[in-house]
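J.: here is my input, please return the structure:
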Amino acid sequence: MKIVSILNQENNIVKTTTINLAAGIASKGKKVLIMDFNPQAQATIGLGIEKTSLTYNSYDLLNIKELEISKIIKKTNQEGLFILPATIELASFARETHLHENNELRKILETKLEKINNQFDFVFIDCPSRPGMLVNLALEVSDSVLIPLLTEENAFDGLTQLLSTISIIKRSLNDKLFIEGILIIINSENKTINESIEKEVKRFFKEKVYKTIIPKTQELNESFLKGVTIFDYSKNSKVAKKYNELANEFLL
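T.: Below is the predicted model of the structure:
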């Protein structure tokens, strides 16, 4: 079982990355779990999971030591795709948890993940957009990090902070952590900006940049609002085909 943290920026287009990549990989016959570590619960919402249907969520995963992880995981409408959902409660947990408790939380989370090690091929942790306790905890238990990057003028501002956080966790708490890949997502109408950012990202990250580039399209927002993946919303669309290509590239 490979655990991958997805470090997103605060943008609905980017926040669909986790569910659409995971759905694409599940369609290849893999068993995939999304762990929603975002208090905004965008992966949970994006898969149409209603809060009223939840008995437990990721807050309980971290807060109730004896709670089995299997009791929190829910099936989705897609074969092979599962989610460990989140609610806004997670925000209060992040605020109330002190730094010295992080080590204990990591041990608890590692123990719970170990119990499902043979049940899934991949676990994608959908992280909050801002660094903090939840991001750190996700990175501490992950094998790798995938970073979606929007093509916009300030694209590298948030990336610098993310790379610093990854470096600190790697040096101090998780020496096996590595960057899985950088995913470019088109967000600007300005072709010059798009090409400039793509060139700079490839210059810095080289082979870590995925060949697949996700296009700018309203269909991603629309599918998110409908609570379905892009494959369920518009399986023949250009962006669905691109996420299918990304899934193939990820599995290489």
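J.: show me the helices in the stretch 51-200 of the chain, by range?
T.: Counting by DSSP state H, counting those that start in this stretch, the segments of the stretch 51-200 of the chain that form helices are 58-63, 89-96, 102-114, 133-141, 155-172, 191-205.
J.: any idea how far the closest residue to L84 other than its chain neighbours is from I72?
T.: Using CB to CB, 6 or more residues apart in numbering and skipping residues adjacent in sequence, the residue nearest L84 is M35, 4.5 Å away. (Each C-beta comes from the backbone N, C-alpha and C, glycine too.) Taking CB to CB, to the nearest Å as the measure, M35 and I72 are separated by 9 Å.
J.: go on, L7?
T.: L7 sits 22 Å away from I72, going by CB to CB.
J.: sorry, back to before: the helices of the stretch 51-200 of the chain: which one's closest to S27?
T.: The closest of the helices of the stretch 51-200 of the chain to S27 is helix 102-114. By CB to CB, the value is 23.7 Å.
J.: and the residue of the chain most remote from its centre, how far is that from I214?
T.: No residue in the chain sits farther from the centre than T192, which is 28.4 Å out by CA atoms, centre = their mean. Separation of T192 from I214 (CB to CB) stands at 19 Å.
J.: now do K74
T.: 26 Å.
J.: hey, which helix or strand in the protein has the poorest pLDDT?
T.: Among the helices and strands of the chain, helix 12-15 carries the lowest confidence by mean pLDDT, DSSP states H and E, at a mean of 68.
J.: helix or strand right after that one?
T.: Downstream of helix 12-15, the next assigned helix or strand under DSSP states H and E is helix 17-26.
J.: ok, back up a step: for K74 and I214, indicate the residue with more neighbours.
T.: Looking at K74 and I214 with other CB atoms under 10 Å, you find the greater number of neighbours at I214, namely 27 against 16.
J.: ok, that one - contacts?
T.: Counting by CB atoms under 8 Å, 6 or more residues apart in numbering, I214 makes contact with 17, 148, 183-186, 239, 242-243, 246.
J.: could you do E219 as well?
T.: For E219, the contacting residues are 230, 233-234, 237, 239, taking CB under 8 Å, 6+ apart as the criterion.
J.: farthest pair within those residues?
T.: In the contacts of E219, the most distant members under the criterion CB to CB are Y233 and V239, with 9.7 Å between them.
J.: can I get the helix or strand that A43 is a member of in PDB? Just the C-alpha atoms.
T.: Using DSSP H and E, A43 falls within helix 42-46. The C-alpha coordinates for helix 42-46 follow below in PDB (Å, rounded to 0.1, in the frame of the first residue of the first chain):
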ATOM      1  CA  GLN A  42     -13.900  19.100  -0.400                       C
ATOM      2  CA  ALA A  43     -13.000  15.500  -1.300                       C
ATOM      3  CA  THR A  44     -16.000  14.300   0.700                       C
ATOM      4  CA  ILE A  45     -18.300  16.900  -0.900                       C
ATOM      5  CA  GLY A  46     -16.900  16.300  -4.300                       C
END
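J.: from the chain's centroid, how far away is that helix?
T.: Its chain's C-alpha centre lies 11 Å from the corresponding centre of helix 42-46 when counted by CA atoms, centre = their mean, to the nearest Å.
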